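Next come a sequence and a model predicted from it.
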Amino acid sequence: MATVYIPTLLRHLTDGIDQIQISGQNIGQVIDGLDSRYPGFKKRLIDGDEIHAEIAVIIDQEVVDRDLLEVVHQDSDVHFVPSVSGGSAKNQESFRVNPLT
Amino acid sequence: MAKLHVETTINGESTEILVDPQQSLLETLRDGLMLTGAKEGCNDGNCGACTVIMDGRTVNSCLVLGAEAQDADITTIEGLATPRGLHPLQQAFLENAALQCGICTPGFLISSKSLLDSNPNPSEEEVRFWLAGNLCRCTGYDKIVRAVLDAAKEMKAGN
Amino acid sequence: MATTTTVEQKTTEKVIGTRPIRHDGVDKVTGRAIYGADINLPKMLHVKILRSPHAHARIVSIDTKQALDIPGVKAVITGEDLPEPPSQMQNLGEGAANLRFLSDNAMARTKALYKGHAVAAVAATELYIAEEALSAIKVTWEILPAVLDTESAMAEGAPLVHDDLPQRPMEGDQAPPPNVARYFRFNIGDTQQAFEESDTVVEREFRTQMVHQGYIEPQTATALWKEDESLTIWCSSQGHFNVRDQTSNILQIPVSSIKVIPLEIGGGFGGKIGSTIYPVISLLSKKAGVPVKYSMTRAEVFEGTGPGSGTHMRVKIGAMKTGKITAVDVSLSYEAGAYPGSSVASGCQNMFSPYVIENAFIEGFDVIVNKPKTAAYRAPGTPQAAYAGESIIDEVAESIGMDPIDFRLLNVAEEDDSRVDGTKHRVIGAKETLEAIKNHPHYKSPLNGPNQGRGVAIGYWGNAGMTSSCSLIVNGDGTVNLVEGSVDIGGTRTAIAMHAAEVLGIPAEDIHPVVADTESVGMTSITAGSRTAFASGWAAYEAAQGVLKELIERAATVFETTPDQVVHEDGTFRSVSDNDKKLTFKELAGRLQRVGGPVIGQATITPRGVGTAFGADIVDVEVDPETGKVQVLRVTAAQDVGRAIHPSYVEGQIQGGVAQGIGWALNEEYVFNDEGVMQNPGFLDYRMPTSLDLPMIEAVLVEKRNPGHPYGARGVGEVPIVPVMASVANAVYRATGVRYQALPMSPGNIIAGLTQKDH
Amino acid sequence: MKPFEYVKPNTLAEAISALDAGGEDARALSGGTDLIVQMRAGRNVVGNVIDVKGVTETNVISHSKKDGLTIGSSVPCYRIYNDEGIKKTYAGLVDSVSIIGGTGIQGRASLGGNLCNAAPSGDGIQSLIILGAVANVEGPNGARQIATEDFCTAPGQNALNPGELLVSLSVPEPESNAGAHYLRFIPRNEMDIAVVGVGASVVLDAEKKSIVSARISLASVAPTPLFVEAAGDALKGTEIASDSVEKAAIFAQEAARPIDDMRGTADYRLHLVGVLTKRALKVAIERAENQ
């Protein structure tokens, strides 16, 4: 199962828990799993059929695309952090930056 | 307002042009003569991107009227290289990577040429003083100053 | 002079790491290069834009009739001419809300939200006629109270800039303060307990002002809307695909109907990523039926484009006597400008990324104010936070009596260490970069005067990957045409070409790079995020691998053998089985037509493995205690560049970033009056450094390879600005005994600080 | 820029008649580095531009022991600082003209234009005042002279009547043992506007021990360039070794009436008046000593 790190501001959804083991083949399934255990995640993380433009998803230290089909492995670490952007519209390219490694 | 008939010499060629009285020399060069090497960065004399040499002296062409070019002898960036090749300053700018975006480059080259015309052996401080009216936002000036000093050396050796 | 420190063994590359003359160089030194404003088309009209004189005002009415009656005026538009974006924002999500903001920023519909906000545009046969037409447009305003800084914007009862700002709850159901568009928080460990156990705790407040990227070329573009409803835009932007997509969104027309042709660009630094001008000029061209050109004046550039945020920052830090940082507690408020979207998130994430911090509470507020909508500016959001963070780190180091570099080295982050947002560093060179300045002769050299001081600081930036495309075409004479989509702002054509040259074993000069329009190359993201040499270079590498594979097959045909029997070394193809059978790249290229036709290669990549970057500076200053003027005497800037593809242009990025940082530290700021009108919208009073204000800037290239890139490159463009303001402030402290907690450290502010110290 | 009529007269008489005909709507053009910027920004609405650079009298530089220095109003800065005679005798003037704008501006900008532009910050005006220069003006009603300290009447306003042209500036030959210096404070090192500027000139006695007379003028601390007679008077008869320079600085500060603006607060400007007055006087005295 993948380890999902819960952003500080969403920990009220998980009663303060900051790491959760969730199974899922892709990021969409992981968010579904999160949301079924702790309702509210989907609304916060997903915009239409993709990850919210203001959120960067990091799987195993790589910023990944916003597509919900992005593959998650059994031992993956998943982080949600704010993306660095400048007032982006949908489909408009914002200034998205790798916040880590 | 009636257009004015102006006879002038640009890059060694005598030229006749019609200008509106309110047209600047920069606009005259760019829009009238399609010499777009001089750039507009501020239109008030504070960036130097439009620098040309007029009667032996650098001027901000945005602060000169096209009408004032009557009987003048003007050198623009387009007149710096010859059919034989680049001016040593142009070569030195390339070799020193003294440009990034390149928008300020024509102004710097023209100002540098006028510096070396009057002072073939400038110190770093003199180069910096002479070029203070030309803003560059990309390079931090380091490589530009080195290029001018290199070109001065090169031209001296060539003489 | 620049120096290079290689952390690992140098590899055997032949082209990577050399300094070829840039391919576009001759055009740029002869004035032939065509920038945005250099376009002239038959029947072309000139555009002027009417802008709000008020920082916050309702548009009661706009009357354009008199303007239209002026001979030579061919089209006038107002906000009403832009398509109405989806209005049911709450139901459509924030994508729709952001689209409305973008469209509104292009031209105000009901309210002007900052001085300089566009409200109408005119296209006329001559520029002066367009100017005259502006004064004939009658706007009736209802002036509203303006909010001009984060504190007053967030105060209870503050005037609301947006009546319908979509605000998400901060935590649980707690509503954010007024005018706050976004709120972040990172919380790890237990800061309260850590502060209690600390030997020393320092808490400070910092302020910085809005600043501009200061590119020398004003925004400019030309549009032609043709009878078949297709649209062509010529522009100087940081990404023409972005211009195409943004224009398609705002005008609600198909992407396929828009062609964007990139021209040379005179600087950007983040300020030419998004722009509001394209939809406006497109609609004017549609109305007029001919091409229209618009170039901003310098004042419009300052007042009507996106500057970098002004900030208000509170930082608390604890440490043990041993030098170990125990905890940080930070609150950052950034001015977003008139619409949501400052870079406060980046400030929160990056300010302490050079260090291992086990207990951290960092929050950020994205605050709407009646000022221009902010945009990216070189490492957006991070230099401000680094100024605060690295100033206070310096103070803590001093308070426990440690050398400022040793203190930083003691806490420095390395591979696998966690950042405050919980994510982990990969292979990084923070430690090596600090060691490079520590061991540099500059750090050991004496200062030469009573009013001199030396400061150091380090900064971090994450860099970006995004998407790049590239095509290669092998010509019969052995040269190669390279078609790419990254706008070249600082010599990237050559860095990209060098990737292909290295793979193919030919000189960089034999590659002919061209930056192609949106119809001639695959999608390529903006030139930003320090990504271009890294990602577009990598795309060229991949395309070249494809070419090489095909060439090996063709060589096999010529050698009458199989591809696995052909090797390629240094640009020569050789048969393994028969040493006499060999062909140079050029020879093989000449035979391609007879063995299957031309060879092309192409690649589109969205690379992973982005390498992050650290930069550290030593700055010496001298302060005139009577006038308050600060002169920078010497700068050494070390940076982990991974592998310098073209060292000259890497040094150039470092030197340019340092120069911008010095300007930001000492003199650059937007000065607003009480009504929100900028007082200094020109290069005379927005004081960017001149050649006489700066010393030579020594760049030290630290090469700790990025394992995520074929040649080990890291993005280099942004991080050099990050530590500069802090290193200048730390130097000024050592020269004056005053810790300046507000930027700029302009002469008047220096004297005010000295006066306060004496009392 | 709004359209206008452009004429370039060849004689002084033609220039004056063109200016007279244009009335309030006419402006003389010399270097244009202020006028063109102002017209473009719409701050100065001009219907007739009279380019006076073709007029011989506005282009002269003449220098003699007897008549002092005469500089035509159109003479650009670079011609002044490149003139060996001026460099030697009028160092204070050279201080001013070599810091106006950058080298490109100095290729066009004239001392006469600087004076007519009447900016409180005008670097050239201060040197004219401390050197006791007079403006030679001609108009439809004949010629007259105006002391340069009386020439500027308000920000951007000068003492010229419609139809009048500033033809040249006359600077008297310095007395022996005289020295002058102008310096300004700017946040950058070039390309900037004086936050405060101070001009100082002194005449020393034969022993070079005491100050016979002195003139001090200030830039950017009042609506016009400010001639501070009291500060000069305070120095009269004092020994250069005394604390008279400090006293003069205090007089200068008392005369200054600065305001807060984006280039500096009133307090900061007052502080600078003190600092710069002392610095300017120090150099002026050194120059006098070295005469």
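Perfect, I can see it now.

need the contact list for the most centrally placed residue in chain B.
Residue closest to the mean C-alpha point of chain B, counted by Cα atoms, centre = their mean, is residue B:110 at 2.9 Å. Residue B:110 is in contact with B:38, B:51-53, B:58, B:75-77, B:80, counting by Cβ atoms under 8 Å, 6 or more residues apart in numbering or on different chains. Just so you know, the C-beta spots here come from the backbone N, C-alpha and C atoms, and that holds for glycine as well.

Then residue C:367?
So residue C:367 contacts C:150, C:153-154, C:179-181, C:333-336, C:342 (Cβ under 8 Å, 6+ apart).

which SS class is it?
Using DSSP: H, G, I helix; E, B strand; the rest coil, the structure places residue C:367 in strand.

what phi and what psi does the backbone show at the nearest residue in space to it that is not next to it in sequence?
In this structure, residue C:367 finds its nearest non-sequential neighbour in residue C:150, 4.3 Å apart by Cβ to Cβ, 6 or more residues apart in numbering or on different chains. Phi and psi for residue C:150, reported as degrees, to the nearest 10, are phi -60, psi -40.

my read: residue D:251 touches residue D:226, true?
No: using Cβ atoms under 8 Å, residue D:251 is not in contact with residue D:226, being 11.7 Å away.

Give me the more crowded residue out of these two.
Remark: of residue D:251 and residue D:226, residue D:226 carries more neighbours, 25 against 20, as counted by other Cβ atoms under 10 Å in any protein chain shown.

Which two of the contacts of residue C:367 have the greatest separation?
C:154 and C:342 (13.1 Å; Cβ to Cβ).

So for those two, which residue has more residues nearby?
A count of neighbours by other Cβ under 10 Å puts residue C:342 above the other of residue C:154 and residue C:342, at 35 against 20.

Show the contacting residues for the more buried one.
C:309, C:334-336, C:366-367, C:374, C:381.

Let me know the closest of the residues you listed to residue C:281.
residue C:374 (22.9 Å).

mind checking how far the lengthiest helix in chain A is from the chain centre?
Longest helix in chain A, counting residues (DSSP state H): helix A:27-37. How far helix A:27-37 lies from its chain's middle: 10 Å, per Cα atoms, centre = their mean, to the nearest Å.

ditto for stretch C:220-236
Distance, stretch centre to chain centre, for stretch C:220-236: 26 Å (Cα atoms, centre = their mean).

With stretch D:131-142 instead?
14 Å.

Check which residues of that stretch are buried.
Residues of stretch D:131-142 classed as buried by neighbour count (16 or more other Cβ atoms under 10 Å in any protein chain shown): D:131-139.

same check, this time on stretch B:43-62
Quick answer for stretch B:43-62 (16+ other Cβ under 10 Å): B:43-54, B:57-62.

Mind checking if whatever helix or strand residue B:153 lives in is in reach of chain C?
Using DSSP states H and E, the element containing residue B:153 is helix B:142-158. Yes: in terms of Cβ under 8 Å from any Cβ of the partner chain, part of helix B:142-158 sits within range of chain C, namely B:142-145.

May I see the residues you listed organised as JSON lines, with pLDDT, distance to residue D:16 and neighbour count added?
Supplementary listing: those in JSON lines, determined by pLDDT from 0 to 100; distance: Cβ to Cβ, whole Å; neighbours: other Cβ atoms under 10 Å in any protein chain shown:
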{"residue": "B:142", "pLDDT": "98", "distance to residue D:16": "52", "neighbour count": "27"}
{"residue": "B:143", "pLDDT": "98", "distance to residue D:16": "52", "neighbour count": "29"}
{"residue": "B:144", "pLDDT": "98", "distance to residue D:16": "46", "neighbour count": "29"}
{"residue": "B:145", "pLDDT": "98", "distance to residue D:16": "48", "neighbour count": "24"}
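
Any chance of those residues in TSV with distance to residue C:726 as columns?
Below are these laid out as TSV (distance: Cβ to Cβ, whole Å):
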residue	distance to residue C:726
B:142	21
B:143	25
B:144	27
B:145	26
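
Tell me the one of those residues nearest residue C:59?
Taking the residues of helix B:142-158 next to chain C together and measuring to residue C:59 by Cβ to Cβ, the closest member is residue B:144, at 46.1 Å.

In contact with the nearest residue to that closest one once chain neighbours are set aside, which residues?
Closest residue to residue B:144 apart from its sequence neighbours, by Cβ to Cβ, 6+ apart: residue B:98 at 4.6 Å. For residue B:98, the contact set (Cβ under 8 Å, 6+ apart) comprises B:92, B:105, B:108, B:139, B:143-144, B:146-147.

Spell out the residue ranges of the helices in the chain.
In the absence of a named chain, this looks at chain A. Under DSSP H, chain A gives helices at A:27-37, A:41-45.

look at chain D instead
D:12-22, D:35-40, D:77-81, D:84-89, D:91-97, D:103-106, D:111-117, D:123-130, D:229-235, D:244-255, D:266-289.

With the stretch 401-550 of chain C instead?
For the stretch 401-550 of chain C, applying DSSP state H, counting those that start in this stretch gives helices covering C:404-411, C:430-438, C:441-444, C:492-504, C:537-559.

For chain D, find the nearest of those helices.
helix C:441-444 (22.5 Å; Cβ to the nearest Cβ).

Pick out the residue in the stretch 51-200 of chain C sitting closest to chain B.
Of the residues in the stretch 51-200 of chain C, the one nearest chain B is residue C:128, at a distance of 6.5 Å by Cβ to the nearest Cβ.

Likewise for the stretch 101-250 of chain D?
Distances between the stretch 101-250 of chain D and chain B by Cβ to the nearest Cβ are smallest at residue D:102, namely 2.0 Å.

From residue D:112, how far out is the residue lying closest to that residue once chain neighbours are set aside?
Distances taken as Cβ to Cβ, 6+ apart place residue B:133 nearest to residue D:102, at 2.0 Å, with adjacent residues excluded. From residue B:133 across to residue D:112, the span is 21 Å (Cβ to Cβ, to the nearest Å).

Got phi/psi on residue C:141?
Torsion angles, degrees, to the nearest 10, at residue C:141: phi -110, psi 150.

and it, what is it in contact with?
By Cβ under 8 Å, 6+ apart, the neighbours of residue C:141 are C:52-54, C:57-60, C:112.

Quick one: closest of the helices of chain D to residue C:443.
helix D:266-289 (33.3 Å).

how big is the angle separating that closest one from helix D:123-130?
Inter-element angle recorded for helix D:266-289 and helix D:123-130: 60 degrees (by axes from the mean of the first three to the mean of the last three Cα atoms, to 10 degrees).

which of the residues in helix D:266-289 are buried?
Across helix D:266-289, burial judged by 16+ other Cβ under 10 Å covers D:268-281, D:283-285, D:287-288.

can you pull out the strands in chain B?
Under the criterion DSSP state E, chain B contains strands at B:4-10, B:13-19, B:51-54, B:57-60, B:73-75.

now the residue nearest in space to the middle of chain D, nearest residue through space, not along the chain?
Central residue of chain D (Cα atoms, centre = their mean): residue D:125, 1.4 Å from the mean position. Leaving aside its sequence neighbours, residue D:125 sits nearest to residue D:225 (Cβ to Cβ, 6+ apart; 4.4 Å).
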